[in-house]
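> give the three-dimensional model of this entry:
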Amino acid sequence: MTRILLAVVLGVSLGAGAQTAQPAQGQSAAPAQGQSAAPVIKDPAEYNAYVAAVSGNDPNAHISGLEAFLEHYPSSVMKNQALEILMIAYQQTNNVPKTIETANKLIAVDPCNERALALLAYLDRMLAQSGDKNAAQDLADGKKDGEQGLSCFDKVTDPEIKKNEAQMGQIFNSVIGVADLQEAASATPDQKPQDYGEAVKHLKPAVDASPNDFSVVYPLALAYWPDPKTPTTPDNSMNAIWYAARASAVAPPQAQAQIEKYARSLYVRYHGGDDGWADVLAKAKAGGAPPADLSTLIKPAPTPAEQAKAMIAQTSPDKMDFATWEFVLQNGTPEDQATVWNAIKGKAVQMNGTVISTTPEQFMIAGSSDDIDAKKADITLNFEDKVPPRLIPKDGASFDFQGEPSSYTPNPFMMVMDKGQLIRTKPEAPAHKPAHKSAQ
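Next comes the predicted model:
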């Protein structure tokens, strides 16, 4: 898409450009961009040389003719227009080094030549994103030209440039945004702090103007959420998910599956699961701008309190396993905690646990599989009578017991059970703690 925009902003064919560049001897020529008065060629030899250089539609002929013309007439009043046509001729022959060299010569004499600035900004970004060994310098040069191009818009009088200002803005914002993204990503703690906001500021309008351009859509997703392991704002998370999903649709075929997997991972991290992901992906692939309110499409993970409430709605407290009790009593609202606690307090429950430490009167037990793995007690089991030494299990052993919940503390979690008993009939195995879906 950007390549098409570039063709537009550079103007129509070189032949058409040459036809407007042939002034009669001693008459005014069409002024080169940025000049306030039309140039006049007074020297017949210079006039003939210029007309010969720009005649026809062969870019190679234009190159040889204009190089010779500029060497013989370095101060010609047609220098700006000659450089512009020469720049386009080199671009048409895919001679990137000479295109850049000529564009820089044109900028030196006409600092607000938007065609040259757009061409330089485009080529520098393409070189950098293609893995050029001088990528950092390419982006720095491109950002400079892009910023100059944007600042020159209010000075432009050429109606053709005015007509293509939006397309040029896309080219300028693209290179500035990608450069800002790289600068933020490479910043070290002893340098300026990472600031991805500037990248978003320029990449967002670039993507709005060219939503099918993978080379800016994917960087915009990265700018919104550069490190998925580090939480960001909900707005940034939702935008990152949307544009990553969009990038998977416009990526090169060989990269689509990988980027779609990346986009899904962002969604799961933010939403807490992949339910609803297919709908998000389908809407992003369909194209167009994201919904005005992305939160209606991409919802954050439920809070721990919301998860606890859902657990109570799905399972009555007397049917819950110990790990679910623990989760609700730690994370639920006071009302939900009371619902569970009032249902189990003083009721005899049988379960399996792992011994952490023991005395004849009291066992410290891990009741949930997560705490078993962490070797952390979450149950204090009190016995009315001392347990005979021969019946006391070893630390780390799994055993079955009965107790009556009498009190608990939520953080760190500890449930006290009285009237402890050792039992031989094995109840259900310890349950895992419910997955905690983290919200942003």
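> looking at this structure, which strand is longest?
Identified as the longest strand of the chain according to DSSP state E is strand 398-410.
> strands paired with the helix or strand that comes right after that one, and their directions?
For strand 398-410, the succeeding helix or strand toward the C-terminus, using DSSP states H and E, is strand 413-422. Strand pairing for strand 413-422, determined by DSSP bridges: strand 379-382 (parallel), strand 398-410 (antiparallel).
> my reading is that Gly288 lies in a strand. Confirm?
No - going by DSSP: H, G, I helix; E, B strand; the rest coil, the assignment for Gly288 is coil, not a strand.
> quick one: contacts for Ala136?
The contact partners of Ala136, by C-beta atoms under 8 Å, 6 or more residues apart in numbering, come to 128, 182. C-beta coordinates here come from the backbone N, C-alpha and C atoms, glycine included.
> re the thing from before, CA atoms of the longest strand of the chain as PDB?
Presented in PDB, the C-alpha positions along strand 398-410 are these (Å, rounded to 0.1, in the frame of the first residue of the first chain):
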ATOM      1  CA  SER A 398      -0.300 -37.900  52.400                       C
ATOM      2  CA  PHE A 399      -3.100 -38.900  54.800                       C
ATOM      3  CA  ASP A 400      -6.900 -38.800  55.300                       C
ATOM      4  CA  PHE A 401      -8.500 -36.800  58.100                       C
ATOM      5  CA  GLN A 402     -11.700 -35.300  59.400                       C
ATOM      6  CA  GLY A 403     -12.200 -31.900  61.100                       C
ATOM      7  CA  GLU A 404     -14.700 -29.200  61.800                       C
ATOM      8  CA  PRO A 405     -13.800 -25.700  60.500                       C
ATOM      9  CA  SER A 406     -13.800 -23.300  63.400                       C
ATOM     10  CA  SER A 407     -12.000 -20.100  62.200                       C
ATOM     11  CA  TYR A 408      -9.800 -18.800  59.300                       C
ATOM     12  CA  THR A 409      -7.500 -16.000  58.400                       C
ATOM     13  CA  PRO A 410      -7.600 -14.900  54.700                       C
END
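> quick one: contacts of that strand?
Here strand 398-410 has contacts from 329-330, 337, 341, 344-355, 363, 365, 379, 381-382, 393, 414-427, using C-beta under 8 Å, 6+ apart.
> low-confidence ranges, the stretch 151-300 of the chain, go.
Residue ranges of the stretch 151-300 of the chain with pLDDT under 70: 189-193.
> now do the buried residues in stretch 42-54.
For stretch 42-54, a neighbour-count test (16 or more other C-beta atoms under 10 Å) marks 46-47, 49-51, 53-54 as buried.
> average pLDDT across the longest strand of the chain?
Across strand 398-410, the average pLDDT comes to 96.
> where exactly do the strands run in the stretch 251-400 of the chain?
349-358, 362-366, 379-382, 398-410 (DSSP state E, counting those that start in this stretch).
> which among these is found nearest to Tyr122?
Nearest of the strands of the stretch 251-400 of the chain to Tyr122, taken as C-beta to C-beta: strand 398-410 at 59.2 Å.
> that closest one to strand 349-358, inter-axis angle?
Computed with axes from the mean of the first three to the mean of the last three C-alpha atoms, to 10 degrees, the direction of strand 398-410 lies at 90 degrees from that of strand 349-358.
> next, the angle from strand 398-410 to strand 362-366.
90 degrees.
> what residues sit buried inside strand 398-410?
Applying 16+ other C-beta under 10 Å to strand 398-410 flags 399-405, 408 as buried.
> what's the burial count for the residue lying closest to Ala343 once chain neighbours are set aside?
Nearest non-adjacent residue to Ala343, counting by C-beta to C-beta, 6 or more residues apart in numbering: Pro317, 3.6 Å away. Pro317 has 18 neighbouring residues, counting by other C-beta atoms under 10 Å.
> likewise for the one 5 residues further on?
By other C-beta under 10 Å, 24 other residues sit near Phe322.
> roughly how far does it sit from Val54?
Going from Phe322 to Val54 by C-beta to C-beta, to the nearest Å gives 87 Å.
> do Ala348 as well
Using C-beta to C-beta, Ala348 is found at 100 Å from Val54.
> could you do Ile241 as well?
Separation of Ile241 from Val54 (C-beta to C-beta): 52 Å.
> again, but for Met78
Distance, Met78 to Val54, using C-beta to C-beta: 9 Å.
> repeat for Asp395
For Asp395, the distance to Val54 equals 93 Å [C-beta to C-beta].
> quick one: name whatever helix or strand follows the longest helix along the chain.
Looking across the chain with DSSP state H, the single longest helix is helix 165-186. Downstream of helix 165-186, the next assigned helix or strand under DSSP H and E is helix 197-209.
> now that next one and helix 165-186, what's the angle there?
Orientation check (the same axes, to 10 degrees): helix 197-209 against helix 165-186 gives 140 degrees.
> helices or strands next to helix 197-209 in the packing?
Packing partners of helix 197-209 (3 or more C-beta pairs under 8 Å, 6 or more residues apart in numbering; DSSP states H and E): helix 165-186, helix 214-224.
> what comes up buried for it?
Using 16+ other C-beta under 10 Å as the test for burial, helix 197-209 gives 198-200, 202-207, 209.
> could I get those as TSV with distance to Ala313?
What follows is the buried residues of helix 197-209, written out as TSV (distance: C-beta to C-beta, whole Å):
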residue	distance to Ala313
Glu198	46
Ala199	43
Val200	39
His202	47
Leu203	43
Lys204	40
Pro205	45
Ala206	46
Val207	41
Ala209	47
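> tell me which of the residues you listed is nearest to Asn134?
Nearest to Asn134, judged by C-beta to C-beta, of the buried residues of helix 197-209 is Ala199 at 20.7 Å.
> count of neighbours near the residue nearest to Pro360 when sequence neighbours are not counted?
With sequence-adjacent residues excluded and distances taken as C-beta to C-beta, 6+ apart, Pro360 is closest to Lys386, at 3.9 Å. Using other C-beta under 10 Å, the number of residues around Lys386 comes to 11.
> distance between the ends of stretch 266-279?
Stretch 266-279 has its terminal residues 15 Å apart, counting by C-alpha to C-alpha, to the nearest Å.
> oh sorry, the question was meant for stretch 284-302
End-to-end distance of stretch 284-302 (C-alpha to C-alpha): 23 Å.
> quick one: buried residues of it?
Buried, per 16+ other C-beta under 10 Å, within stretch 284-302: 284, 290, 294, 297-302.
> please apply the same query to stretch 156-175.
Result for stretch 156-175 [16+ other C-beta under 10 Å]: buried residues 156, 158, 161, 164, 167-175.
> do the same with stretch 378-397
For stretch 378-397, the neighbour count (16+ other C-beta under 10 Å) marks 378-381, 383, 387, 392-393 as buried.
> then stretch 300-318?
Under the neighbour-count criterion of 16+ other C-beta under 10 Å, stretch 300-318 has 300-302, 304, 307-309, 311-312, 317 buried.
> that concludes my questions; thank you for your assistance.
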